[in-house]
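>>> Turn this into a model:
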Amino acid sequence: MNHIGFYLRKVHFNRKSGQIIFKRGSVEKILFFQNGQLIHAKTNVPEERLGDILLKLGKISEETYAQIERHLEPFQPLGESLAKKGITSQRNIEDAVTHQVREVALSLFSYFDGELSLQEKASLIRKEVPLKINVPNLIEDGIRRMKFHPALEEFLARKIPYPKASVFEHALTEEEKTILGAVDGQRSCQKILDSLHCNPEFLWKTLYLLYCLNMIDFRDKEEIPLAPGKPAEEERPDLKEQLDEILAFWEKIQKANYYQILGVSKEASEEEIKKAYFLLARRFHPDRYNRALTPEVKGKIDAVFDAITKAYRTLTSKELRKEYDLRTPFPRAAEARDSAKQAEVKFRQAKTLYGLGRYEDALILLEEAIQLKKNKADYFLLLAMVESKIPTFRRRAEEHFLKAAELEPWNAEAHVGLGILYKAEGLPARATKCFQRALELDADHELALRELEALGKGKKKGGLKGLFSISLFGPKKK
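Alright, predicted model coming up:
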């Protein structure tokens, strides 16, 4: 496939280092990667040069731009020269370079007729400034923006997709999730189109998006011949991951009640129960797994799906649910209080680890705290802040900032955190909306005011209280 999405998938998810070179006529662009992360870009398109980007973002004046060659120092990048001379700040340079690299990469998604090549290298150029570019988010934005091209159908039609990791499923629309749910490892993409009767162009783009996000992969035949003596999970590494996940879930449900199996509270509405069921049914449906499994493993897979289905049917029937609640022992109030106390201890420990920069350790504690108490906005807020510090978890940070805002709609902190995340990802318009929403809730929120002022959307305000200060978990406005 001669397209940038195909190459980004290969480089990012295989953690490759090197450069992707794009040529089309007189246009030449180069993207540089270190361990799968996009760290730099070069372009010969005038409108994509750093000076033009700085002017476009309002980081330098038109007068400075007109005389920009005078500010260049020999053997020194433009950004470094401008920052050293005090013409603009280092932060402005970082914002502009991040925006430039992201836009150079996004511009490539329109082309299916360019010349693309990957050159792997162990050692790369020194990064001029630290970049905060989420490659999966870049892939998602690029494919959503691009127009349908017949090359997508040609690439996909005869391939047989099977599901892989579901880490980015939260980023999909309901229509896209329906297409993902139709991927069973048995039918070709063309047969999936025939069964869904949806817009063909939408389906081809969605399947390509799922592929580039490493949520699906392809095989050439409807049955995979297993090597003699090899179990199915060794023949297909993706199946091994799926089996580990469903067998872990099987262990979990052995002592779980129906509410715990579906991951909902005892007070959950019918709509919440249905939503939880359909997510689990799509995730653990037996059809997703290769038929060449041992009877023991196959039995556990069937048992998981049966348990999910039985829980759903019982809890969506008023009579059956009432009867089930009467005969099922639930944790007593004292046990619930103990769980809440454990969750709070883990949360405080995670908060300390966050302050020490030990983000991975904090992440583990927060996930445990949320398992014990699922409705605390502070837990989700700190979890999102931790995830925003770990490149591979930044996509989840968005989801958890939104969850914190949902749990405490009067609290401005989650909107500020989300705005900072969007700003770091080079999405100033989204960031601005978040900061404005925060100020609707708290007109004196100093960090929101400061960030809006930095984006050129508000008035300057002294001080720096808010999300990343000690006031984070202080009193909240209601």
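>>> Only C-alpha atoms from now on, for both contacts and neighbour counts.
Fine.
>>> Just grab the bridge partners of the nearest residue to residue 115 once chain neighbours are set aside for me.
Nearest non-adjacent residue to residue 115, counting by Cα to Cα, 6 or more residues apart in numbering: residue 23, 5.0 Å away. Per DSSP bridges, residues listed as beta-bridge partners of residue 23: residue 28, residue 115.
>>> hang on, residue 23 packs against residue 113?
No. The criterion here is Cα atoms under 8 Å, and residue 23 misses it with residue 113 at 9.5 Å.
>>> on that earlier part again, now do the residue nearest to residue 115, the pLDDT please.
In the predicted model, residue 23 carries a pLDDT score of 95.
>>> go on, residue 73?
The pLDDT attached to residue 73 in the predicted structure is 64.
>>> same deal with residue 180?
What the model reports for residue 180 is a pLDDT of 91.
>>> Send over whatever helix or strand it lives in as CSV, restricted to the C-alpha atoms.
Residue 180 belongs to helix 174-181 when elements are defined using DSSP states H and E. Included here for helix 174-181 are C-alpha records, laid out as CSV according to Å, rounded to 0.1, in the frame of the first residue of the first chain:
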residue,chain,number,x,y,z
GLU,A,174,-20.9,3.9,16.8
GLU,A,175,-21.0,3.2,13.0
GLU,A,176,-17.3,2.4,13.1
LYS,A,177,-17.8,0.1,16.1
THR,A,178,-20.4,-1.8,14.1
ILE,A,179,-17.9,-2.4,11.3
LEU,A,180,-15.3,-3.5,13.8
GLY,A,181,-17.9,-5.9,15.4
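>>> elements contacting that helix?
Here helix 174-181 touches helix 200-212, going by 3 or more Cα pairs under 8 Å, 6 or more residues apart in numbering; DSSP states H and E.
>>> Check which residues of the helix it packs on are buried.
Across helix 200-212, burial judged by 16 or more other Cα atoms under 10 Å covers 203, 204, 205, 206, 207, 208, 209, 210, 211, 212.
>>> The third one against residue 148, yeah?
Pointing back at residue 205 there. Yes. When contacts are counted by Cα under 8 Å, residue 205 is listed as touching residue 148 (6.7 Å).
>>> Identify the residues contacting residue 161.
For residue 161, the set of contacting residues under the criterion of Cα atoms under 8 Å, 6 or more residues apart in numbering consists of 183, 184, 185, 186, 187, 188, 189, 216, 217, 218, 219.
>>> if we go to 6 Å?
Contacts for residue 161 (Cα atoms under 6 Å, 6 or more residues apart in numbering) come out as 185, 217, 218.
>>> Share the number of residues neighbouring the second one, please.
Applying other Cα atoms under 10 Å, we find 20 other residues in the vicinity of residue 217.
>>> Over to it. Which of the three states is it?
Assigned state for residue 217: strand (three-state reduction, DSSP: H, G, I helix; E, B strand; the rest coil).
>>> before we move on, the earlier item: can you tell me which of the contacts of residue 161 lies closest to residue 433?
Distance ranking of the contacts of residue 161 against residue 433, using Cα to Cα, places residue 217 first at 36.3 Å.
>>> in the sheet, who's paired with that closest one?
When residue 217 is checked against DSSP bridges, its beta-bridge partners turn out to be residue 162.
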